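Q: Dropping a prediction and its sequence here:
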Amino acid sequence: MENLKDYTPEKLSAIALNDLNSIQTNIAKAIELRKLADKKEWTDKLKELVNQSGFSLGELAGDLKSPKEDKKIKENKPPKYRNPEDHTQTWSGMGAKKKWLVAMLDKGRTLDEFLIK
């Protein structure tokens, strides 16, 4: 019997469609079983290494930075602009302009008119 990885698409196309569908289903199941077995094997190896290290897994993993930790935490910027008609409506000048400001600018007013002094 040939090694399965040596089967080319041309060789596989000679097999009946029903058989190919069965093979595909069996391969998908085999992949999941292999993943589970590999995961268990690696988990056991890692546990053994962690136990030998004298550190807890949390201590060791704490040294690793996740991509989220690299991102800067957004700081709340103080408001730079204020709606003169409603002082609760402000804008820091960062991000998209607020609707109230866009409406005022569309009426011909300038951004400088709304600066908080």
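A: Nice, thanks for sending it over.

Q: which residues in this protein form strands?
A: Remark: strands assigned in the chain by DSSP state E are 81-83, 86-91.

Q: and the ones you listed as TSV, adding mean neighbour count, mean pLDDT and distance to E59?
A: In short, each C-beta sits where N, CA and C put it, glycine included. Shown next, in TSV, are the strands of the chain (neighbours: other CB atoms under 10 Å; pLDDT from 0 to 100; distance: least, CB to CB, whole Å):
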stretch	mean neighbour count	mean pLDDT	distance to E59
strand 81-83	18	93	47
strand 86-91	13	92	44
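
Q: R34 is nearest to which of these?
A: Set against R34 and scored by CB to CB, the strands of the chain come closest in strand 86-91, at 55.2 Å.

Q: neighbouring contacts of that closest one?
A: With contact meaning CB atoms under 8 Å, 6 or more residues apart in numbering, strand 86-91 is reached by 79-83, 97-98, 100-101, 114, 116.

Q: Just the buried ones from these, in PyMOL syntax?
A: In PyMOL, this line selects whichever of the contacts of strand 86-91 come out buried by 16 or more other CB atoms under 10 Å:
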select buried, resi 81+82+83+98+100+101+114
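
Q: Farthest-apart pair in the contacts of strand 86-91, please.
A: K97 and I116 (15.3 Å).

Q: pLDDT below threshold where in this protein?
A: 1-2, 63-74 (pLDDT under 70).

Q: Helices of that one, start to end?
A: Assigned by DSSP state H, the chain shows helices spanning 9-12, 17-53, 57-61, 67-70, 99-106.

Q: circling back: now flag whichever of the contacts of strand 86-91 is closest to L57.
A: P79 (44.9 Å).

Q: residues in contact with that closest one?
A: Counting by CB under 8 Å, 6+ apart, P79 has contacts 90-92, 116.

Q: Next up, phi/psi of it, please.
A: Backbone torsions of P79, given as degrees, to the nearest 10, read phi -70, psi 140.
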